[in-house]
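**Q** sequence plus predicted model, see below.
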Amino acid sequence: MARAANRSPQTLLVLRALLEQRSTWRHGYDLSKQTELQSGTLYPILMRLAAQGLLEEKWATSDTPGRPPRHVYRLTTSGIAAARELVQRDRPAAARLRPSKA
């Protein structure tokens, strides 16, 4: 049985960031910069959201020769709906999110 959606402030920051570019595959590093979350906080959130079926994840080859593949993430259709509902309930988190540079 899947865990219920996490409503921590950190998870809401990640969901907001993913909603901004919901059809774009995002690297964890980009999400970390945007949300200012450390990798020890961000990656467990991403893994949990993927396990709940809210995120798609895949390995993407690097554009830079010699660099290893990187894990990328984006919201699923059900993830978009769940993220919208969760962030709608928590408007104060919006003030904590840095604007995307993309």
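**A** Yes, it's here.
**Q** which helices and strands sit right next to whatever helix or strand residue 74 lives in?
**A** Residue 74 is part of strand 70-75 when elements are defined by DSSP states H and E. In this structure, strand 70-75 makes packing contacts with helix 9-20, strand 26-27, helix 28-35, helix 39-51, strand 55-60, judged by 3 or more C-beta pairs under 8 Å, 6 or more residues apart in numbering; DSSP states H and E. C-beta here means a position set from N, CA and C on the backbone, and glycine is covered the same way.
**Q** what sits closest to residue 50 if chain neighbours are left out?
**A** Using C-beta to C-beta, 6 or more residues apart in numbering and skipping the chain neighbours, the partner closest in space to residue 50 is residue 57 (4.9 Å).
**Q** what about the one you found, distance to residue 21?
**A** 15 Å (C-beta to C-beta, to the nearest Å).
**Q** now residue 77
**A** 15 Å.
**Q** what about those two, which has more around it?
**A** Neighbour count, other C-beta atoms under 10 Å: between residue 77 and residue 21, residue 21 has more, with 15 against 11.
**Q** model confidence for the more buried one, exactly?
**A** For residue 21, the pLDDT comes out at 90.
**Q** tell me the confidence at the spatially most central residue of the chain?
**A** Central residue of the chain (C-alpha atoms, centre = their mean): residue 14, 4.3 Å from the mean position. Note for residue 14: predicted pLDDT of 95.
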